[in-house]
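>>> Take this sequence and fold it.
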Amino acid sequence: MIMQSKDIIIVGAGPTGLMMANQLTRFGVDYIILDQKSGPPDHYSLSTA
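Purely as a prediction, here's the structure:
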């Protein structure tokens, strides 16, 4: 296992966690997102309307 050093740990990659990640990126903060699943949820879809 590789050890990584991050300033912030975001627990959960839902809408709130992803918005937090977006803001931290804007401010140049180093973070990691931990989520129970390895990919995006199946229920998200893009609307073409």
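>>> For the rest of this, base every contact and every neighbour count on C-alpha atoms.
Will do.
>>> Could you point out which residue ranges in this protein have low pLDDT?
Flagging of the chain using pLDDT under 70 yields the residue ranges 39-49.
>>> Show me where it has its helices.
For the chain, the helices defined by DSSP state H cover 15-26.
>>> what about Leu18, how many neighbours?
The number of residues packed around Leu18, counting by other Cα atoms under 10 Å, is 15.
>>> Any figure for the gap between it and Ile9?
From Leu18 across to Ile9, the span is 12 Å (Cα to Cα, to the nearest Å).
>>> Kindly report the same for Val29.
11 Å.
>>> Ok, Met1 next?
Applying Cα to Cα to Met1 and Ile9 gives a distance of 18 Å.
>>> Which positions are bridged to Val11 in the beta structure?
Leu34 (DSSP bridges).
>>> More neighbours: which of Met1 and Ile9?
Neighbours were counted for Met1 and for Ile9 using other Cα under 10 Å; Ile9 has more, 13 against 3.
>>> so what's Lys6 up against?
Asp30, Tyr31, Ile32 (Cα atoms under 8 Å, 6 or more residues apart in numbering).
>>> Narrow those residues to just the buried residues.
Tyr31 (16 or more other Cα atoms under 10 Å).
>>> Would you convert the contacts of Lys6 into JSON lines that also reports distance to Ser5?
Formatted as JSON lines, the contacts of Lys6 follow (distance: Cα to Cα, whole Å):
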{"residue": "Asp30", "distance to Ser5": "9"}
{"residue": "Tyr31", "distance to Ser5": "9"}
{"residue": "Ile32", "distance to Ser5": "9"}
